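K.L.:
coordinates for the following, if possible.
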Amino acid sequence: MGEDFADWEMYQLRERVKLVCDFDKLCDDILTMVAGLVENYEVCEETVYRPEVIKHLCEVAS
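P.N.:
As a prediction, the model looks like this:
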């Protein structure tokens with residue numbers, strides 16, 4: 001945005017166009033994936049119990 005491309009070589013312009021096209025495709029792919037998630041999934045709650053080991057200091061009997 002706001003760049004002056006007048007002094008750029010043709011290969012530089014081609015690389016920039018390729019970069020922008022690749023970025024646009026990536027954005028489209030991400031939007032397609034997110035739309036699929038929204039259409040096919042919902043948020044569910046599940047309570048999961050798991051054993052947990054904790055460590056603390058115990059006084060040594062003398």
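K.L.:
only alpha carbons, please: show stretch 32-42 as CSV.
P.N.:
The C-alpha coordinates for stretch 32-42 follow below in CSV (Å, rounded to 0.1, in the frame of the first residue of the first chain):
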residue,chain,number,x,y,z
THR,A,32,-13.7,-21.8,3.4
MET,A,33,-12.4,-23.8,6.4
VAL,A,34,-14.0,-21.5,8.9
ALA,A,35,-17.3,-21.6,7.1
GLY,A,36,-17.1,-25.4,7.1
LEU,A,37,-16.5,-25.4,10.9
VAL,A,38,-19.4,-23.0,11.5
GLU,A,39,-21.8,-25.1,9.4
ASN,A,40,-20.8,-28.5,10.7
TYR,A,41,-19.8,-28.0,14.4
GLU,A,42,-21.2,-26.5,17.5
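K.L.:
now that stretch: mean pLDDT?
P.N.:
Stretch 32-42 comes out with an average pLDDT of 95.
K.L.:
repeat that for stretch 12-21.
P.N.:
95.
K.L.:
that stretch: how far from the chain's middle?
P.N.:
23 Å (C-alpha atoms, centre = their mean, to the nearest Å).
K.L.:
list the contacts of that stretch.
P.N.:
Residues outside stretch 12-21 that contact it (C-beta atoms under 8 Å, 6 or more residues apart in numbering): 5, 8. (C-beta placed from N, C-alpha, C; glycine too.)
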